[in-house]
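J.: Please work out how this folds:
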Amino acid sequence: MFPEDKALFADTTPQQKGDLFADFKPAQSNDNLFADASHSTHTIKTTDQSGNLNNQKKKFSPRSQHSTQNWKTLIVDDEEDIHEITSLVLGTYTFQNKPLKLLSAYSAEQAKDILKNNEDIALVFLDVVMETDDAGLQLVRYIREQLHNPYVRIILRTGQPGYAPEENVIIEYEINDYTNKTELSRQKLITITTSSLRSYDDMMTIESYRQSLEEKVVLRTAELQEKNQELSLLNDELVTLNQEKNEFLGIASHDLKNPLSSILGLAEEIATSFDISTKEEVVEYAGMIHTSAEQMLSLVKNLLDVNSIESGKSKAALSHTDILPTMLELIKYHTEQAKVKNISLHLNVDQEACIAFVDSSVTRQIFDNLISNAVKYSPFDRSVFINLYDKETKLCCEIQDEGPGISAKDQTNLFKKFTKLTPKPTGGEHSTGLGLFIVKKLLDAMNGEINCRSTVGKGTTFTVDLPKNAVN
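T.: The predicted structure follows:
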């Protein structure tokens with residue numbers, strides 16, 4: 001056992017002033033102390049493929065610090081006896097129920113290699129004069145400035161204070177304690193070790209809290225950014241809805257104003273001139289009122305359809321349905337309407353039944369709209385062709401007119417709400433700009449598709465594909 005207050009390393013070599021470890025110094029030269037294999041017990045070395053020490057710079061990562069098993073302590077000194085005595089004193093030492101794990105380096109270069117490969121070293125006992133007079137001081141700079149490690153506690157132990165005066169070293173180098181080997185007793189060594197490890201443990205606890213807080217800040221910032229993105233999307237949706245509302249109000253007020261004004265004017269005409277009007281004139285006024293009322297009713301129905309679709313209230317009741325009877329009824333109805341413009345409707349079908357997995361009432365609404373448009377935009381004395389045929393798993397319907405055609409630009413907006421196309425109805429008919437939007441949405445609900453082929457001046461063909469069976 002070592003006395004508590006007696007210096008561990010007494011000066012017994014007066015011929016070498018300041019050499020405080022002469023009583024333990026072996027006869028051989030210090031330069032060869034760590035060359036012998038017997039000194040490799042506590043020495044950790046890494047070499048590259050050429051056999052040289054690996055000095056590759058690696059950025060310090062405090063996350064890997066603070067070992068839970070032991071306190072890694074690095075002894076850096078070029079004299080073997082220093083390592084042996086330190087190991088004897090601290091070999092059984094524990095702090096917070098964890099022992100020390102002593103690592104040995106016999107030069108500053110060896111220490112660099114160990115430090116790079118052991119980021120969780122808590123304490124370094126460091127000699128100053130080794131391979132050069134200031135090797136230890138340069139190692140301090142390496143630890144703090146190149147490894148960027150502010151956490152490891154560095155205790156400078158020197159037997160030659162003349163090479164490293166305490167006041168200068170404390171001021172100029174980031175060390176944590178300075179001791180003279182001749183004054184370092186067993187008790188003082190344990191005291192320095194304990195205070196240094198306590199300081200290191202406190203620093204790592206603070207660093208752990210800091211990193212935990214930083215991670216929480218990053219996490220909360222990401223969550224906030226995500227919420228901001230969601231709010232931005234919702235705001236964009238609100239802007240879009242507001243624009244659609246304004247468009248709706250503009251169209252509704254415009255499209256309702258004209259027929260309402262017509263109805264009011266005709267009703268006033270009947271009221272003021274009933275006594276002098278003939279029956280034929282009154283009937284004519286009544287027909288005009290009926291037409292204006294139909295325009296308003298059509299607009300209201302379309303707006304209600306849009307609201308039903310967008311609110312999710314419109315649900316298709318799908319079943320296997322023969323759409324041929326529906327198509328025959330619609331052609332019969334629109335043939336009467338088309339006589340005003342001398343337009344003929346032609347149905348081409350080569351099968352007795354046209355079965356699709358659809359909602360019959362929704363299908364009627366879709367083809368009613370498309371046939372009505374074909375008649376509405378066709379010039380006088382033309383034809384409209386309706387073709388029904390099977391195509392693999394689909395039932396296809398083509399509705400072809402001989403109208404003015406739709407430009408490529410107009411086709412990009414064809415199925416959007418409130419779209420007003422360049423072509424105009426040829427007989428003064430009314431258009432709300434909602435029909436094709438409704439058709440597209442209704443087909444989506446039945447797993448159907450609609451496509452448009454058109455050439456300006458040569459007419460337009462709308463193709464509707466309906467599934468023959470349920471789509472998973």
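J.: contacts, neighbours, all on C-alpha from now
T.: Fine.
J.: Do a quick rundown of the helices in the stretch 301-450 of the chain.
T.: Under the criterion DSSP state H, counting those that start in this stretch, the stretch 301-450 of the chain contains helices at 324-338, 360-376, 408-411, 435-445.
J.: Contacts for the first one next, please.
T.: Applying C-alpha atoms under 8 Å, 6 or more residues apart in numbering, the external contacts of helix 324-338 come out as Ile343, Ser344, Leu345, Ala353, Cys354, Arg364, Phe367, Asp368, Ile371, Ser372, Val375.
J.: out of those, what pair is the most spread apart?
T.: Within the contacts of helix 324-338, Ile343 and Ala353 form the most distant pair, 26.6 Å apart (C-alpha to C-alpha).
J.: higher neighbour count, the two?
T.: Ile343 (21 against 12; other C-alpha atoms under 10 Å).
J.: Quick check: that one vs Arg382, distance?
T.: Distance of Ile343 to Arg382, given as C-alpha to C-alpha, to the nearest Å: 5 Å.
J.: Over to Asn118?
T.: From Asn118 to Arg382 the distance is 90 Å (C-alpha to C-alpha).
J.: Buried ones among the contacts of helix 324-338?
T.: Among the contacts of helix 324-338, those buried by neighbour count (16 or more other C-alpha atoms under 10 Å) are Ile343, Ser344, Leu345, Cys354, Phe367, Asp368, Ile371, Ser372, Val375.
J.: wait, the last one sits on Val340?
T.: No - the criterion here is C-alpha atoms under 8 Å, and Val375 misses it with Val340 at 10.3 Å.
J.: so where does Ser104 fall, helix or strand?
T.: Per DSSP states H and E: Ser104 is located in strand 98-105.
J.: what does the domain assignment say about the protein?
T.: 22-184, 315-467 (automatic domain parsing).
J.: now the ones you listed in TSV, with distance to Arg198?
T.: As requested, these are exported to TSV (distance: least, C-alpha to C-alpha, whole Å):
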stretch	distance to Arg198
domain 22-184	8
domain 315-467	70
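J.: Show me what the helix or strand hosting Val218 packs onto, helices and strands only.
T.: For Val218, the host element (DSSP H and E) is helix 186-273. With contacts defined as 3 or more C-alpha pairs under 8 Å, 6 or more residues apart in numbering; DSSP states H and E, helix 186-273 has these neighbours: strand 121-126, strand 153-158, helix 279-310.
J.: so where is the stretch 51-200 of the chain shaky, pLDDT-wise?
T.: 51-67, 161-164 (pLDDT under 70).
J.: Closest to the centroid, which residue in the protein?
T.: Nearest to the geometric centre of the chain sits Glu226, at 8.2 Å (C-alpha atoms, centre = their mean).
J.: Model confidence for it, exactly?
T.: If you check Glu226, the pLDDT there is 92.
J.: can you pull out the helices in the stretch 1-150 of the chain?
T.: With DSSP H, counting those that start in this stretch as the criterion, the stretch 1-150 of the chain has helices spanning 80-90, 108-117, 135-141.
J.: show me what contacts Phe437?
T.: For Phe437, the contacting residues are Leu414, Phe415, Lys416, Lys417, by C-alpha under 8 Å, 6+ apart.
J.: now the second one: how far from Val239?
T.: It refers to Phe415. Distance, Phe415 to Val239, by C-alpha to C-alpha: 20 Å.
J.: Compare those two and say which is more crowded by neighbours.
T.: Set Phe415 next to Val239 and count neighbours by other C-alpha under 10 Å: Phe415 wins out with 19 against 12.
J.: Against Leu442, how distant is the more buried one?
T.: Phe415 is 12 Å from Leu442, by C-alpha to C-alpha.
J.: next one: Ser319
T.: 15 Å.
J.: out of the two, which sits in the busier spot?
T.: Using other C-alpha under 10 Å as the criterion, Ser319 and Leu442 rank with Leu442 on top: 23 against 15.
J.: which non-adjacent residue is nearest the more buried one?
T.: Val362 (6.9 Å; C-alpha to C-alpha, 6 or more residues apart in numbering).
J.: ok, that neighbour touching Ala316?
T.: Yes - at 7.2 Å, Val362 counts as touching Ala316 under the criterion of C-alpha under 8 Å.
J.: which one of these two has more residues nearby?
T.: Shown here are Val362 and Ala316; by other C-alpha under 10 Å, Val362 has more neighbours (20 against 16).
J.: So for that one, what's the pLDDT?
T.: 86.
J.: swap in Ile251?
T.: Looking at Ile251, its pLDDT reads 60.
J.: what does Asp5 give?
T.: pLDDT, Asp5: 56.
J.: And for Glu237?
T.: 87.
J.: what do you get for Thr455?
T.: 89.
J.: So what sits opposite it in the bridge?
T.: Counting by DSSP bridges, Thr455 is bridged to Gly459.
J.: Neighbours of it, how many?
T.: Neighbours of Thr455 using other C-alpha under 10 Å come to 14.
J.: what's the answer for Asn342, then?
T.: By other C-alpha under 10 Å, neighbour count at Asn342 equals 15.
J.: out of everything not next to it in sequence, what's closest to it?
T.: Excluding the flanking residues, the one nearest Asn342 by C-alpha to C-alpha, 6+ apart is Asp381, at 4.8 Å.
J.: Pretty sure that neighbour sits against Leu345.
T.: No - at 11.1 Å, Asp381 and Leu345 do not qualify as touching, with contact defined as C-alpha under 8 Å.
J.: and of the contacts of Phe437, the nearest to His290?
T.: Lys417 (26.6 Å).
J.: if we can go back for a sec, would you turn the buried ones among the contacts of helix 324-338 into CSV with pLDDT and distance to Gln69?
T.: Below are these laid out as CSV (pLDDT from 0 to 100; distance: C-alpha to C-alpha, whole Å):
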residue, pLDDT, distance to Gln69
Ile343, 94, 94
Ser344, 94, 94
Leu345, 95, 91
Cys354, 91, 79
Phe367, 93, 79
Asp368, 87, 81
Ile371, 93, 83
Ser372, 89, 84
Val375, 91, 87
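J.: Make TSV out of those and add distance to Leu123.
T.: What follows is those, written out as TSV (distance: C-alpha to C-alpha, whole Å):
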residue	distance to Leu123
Ile343	99
Ser344	99
Leu345	97
Cys354	88
Phe367	85
Asp368	87
Ile371	89
Ser372	89
Val375	92
